[in-house]
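Q: Model the structure of this input:
(one chain, ligands or ions: 2)
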Amino acid sequence: MPSQSLSDLPVERARADLARRGWALLRDLPFTSAAHARTENADTGPTYAYDEDAVRRIASCFGIPSDRDGGRTVWRVSPRTRRGRGTFSMRAGGAGFHTDSQYHNRPEDFVCLFVVTPAAHGGDTLLATESSTIAALGRHPDGGVALDALSRPVWRWRAPEVYGPPPMQFPTAVLPGDGTIRWRADNLVAGLPPAQCRAAALLEHCLTGLLRPTRIVQRPGDLILIDNHRTMHARTAFHDPARLLLRVRLWAGP
Ligand SMILES: O=C(O)CCC(=O)C(=O)O
Ligand SMILES: [Fe+2]
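A: Ligands and ions are numbered 1, 2, ... in the order given. Predicted coordinates:
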């Protein structure tokens with residue numbers, strides 16, 4: 001696999017992509033090493049080792065790593081629970097469109113997904129910006145009503161149990177109209193009023209049916225860099241227990 005040294009990373013190009021379109025993709029980065037063939041099943045492809053210091057150094061080119069949830073800056077995203085409802089980073093299967101840390105008053109600014117071992121099949125990253133989400137809502141006859149409900153500061157989310165006691169969250173808007181978005185459907189607080197339930201369902205319908213997301217078929221050595229205020233991410237279904245990503249959330253630099 002061709003790879004570059006840390007000093008020739010295309011940091012400026014990635015920053016420009018991030019600013020212009022809300023995400024960036026860097027390929028063949030030097031944080032994965034020698035592949036180990038998976039002998040048990042020729043269909044699955046090799047697994048890769050990784051250098052956590054290199055991951056931290058690369059992430060730090062784009063911001064300040066956050067250890068707020070889980071107490072560590074580099075979080076392994078790999079299937080390790082059979083609970084179908086476990087948080088996205090701990091189970092196999094698909095993940096719906098969301099922004100990270102939506103349950104905090106101030107979500108981190110960027111999310112880095114470092115691809116160590118992609119799933120043998122599936123597990124692709126899907127990306128949807130705030131503007132493409134509003135455009136998708138606009139393609140539905142009830143989209144305007146939903147957008148009105150989504151723009152009100154009345155939305156709250158439950159924090160995943162694995163991260164400890166939940167933060168106290170002030171209600172906030174999903175689409176406040178300032179170019180940002182905050183969303184995750186499966187851990188909205190329970191007992192929403194009917195109008196909010198309808199808006200949430202319509203947004204999910206638009207995200208699955210009326211949106212043309214960007215799709216990234218992952219490769220070892222990829223860094224998918226996401227503006228967590230402007231772009232949602234999702235993943236397609238997968239089963240491969242060896243899939244491994246490393247997630248680093250970042251605060252924008254000073
Ligand atoms: O597994 C993925 O592709 C993304 C995981 C994710 O969105 C997360 O851990 O927040
Ligand atoms: Fe995520």
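Q: residue of the stretch 151-254 of the chain with the smallest distance to ligand 1?
A: Closest contact between the stretch 151-254 of the chain and ligand 1, by C-beta to the nearest ligand atom, is at Arg235 (3.6 Å). Any C-beta I mention is one placed from the backbone N, CA and C, and that applies to glycine too.
Q: which residue sits closest to that residue, ignoring its sequence neighbours?
A: For Arg235, ignoring the flanking residues on the chain, the nearest one in space by C-beta to C-beta, 6 or more residues apart in numbering is Ala95 at 4.7 Å.
Q: quick one: Arg249 and Thr99 touch, right?
A: No: with contact defined as C-beta atoms under 8 Å, Arg249 and Thr99 do not form a contacting pair (10.8 Å).
Q: Report whether stretch 128-147 contacts ligand 1.
A: No: counting by C-beta under 6 Å from any ligand atom, ligand 1 is not contacted by stretch 128-147; separation bottoms out at 12.7 Å.
Q: Dump that stretch to PDB, keeping only the CA atoms.
A: In PDB, the C-alpha atoms belonging to stretch 128-147 read as follows (Å, rounded to 0.1, in the frame of the first residue of the first chain):
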ATOM      1  CA  ALA A 128     -25.100  14.400   4.100                       C
ATOM      2  CA  THR A 129     -24.600  18.100   4.600                       C
ATOM      3  CA  GLU A 130     -27.100  20.500   6.200                       C
ATOM      4  CA  SER A 131     -27.900  22.000   2.800                       C
ATOM      5  CA  SER A 132     -28.500  18.600   1.100                       C
ATOM      6  CA  THR A 133     -30.800  17.700   4.100                       C
ATOM      7  CA  ILE A 134     -32.800  20.900   3.600                       C
ATOM      8  CA  ALA A 135     -33.000  20.200  -0.100                       C
ATOM      9  CA  ALA A 136     -34.200  16.600   0.600                       C
ATOM     10  CA  LEU A 137     -36.900  18.000   2.900                       C
ATOM     11  CA  GLY A 138     -37.900  20.400   0.200                       C
ATOM     12  CA  ARG A 139     -38.600  17.400  -2.100                       C
ATOM     13  CA  HIS A 140     -41.400  16.200   0.200                       C
ATOM     14  CA  PRO A 141     -44.800  17.900   0.300                       C
ATOM     15  CA  ASP A 142     -44.800  18.100   4.100                       C
ATOM     16  CA  GLY A 143     -41.100  19.100   4.200                       C
ATOM     17  CA  GLY A 144     -41.900  22.700   5.100                       C
ATOM     18  CA  VAL A 145     -43.900  21.800   8.100                       C
ATOM     19  CA  ALA A 146     -41.200  19.400   9.300                       C
ATOM     20  CA  LEU A 147     -38.500  22.000   8.800                       C
END
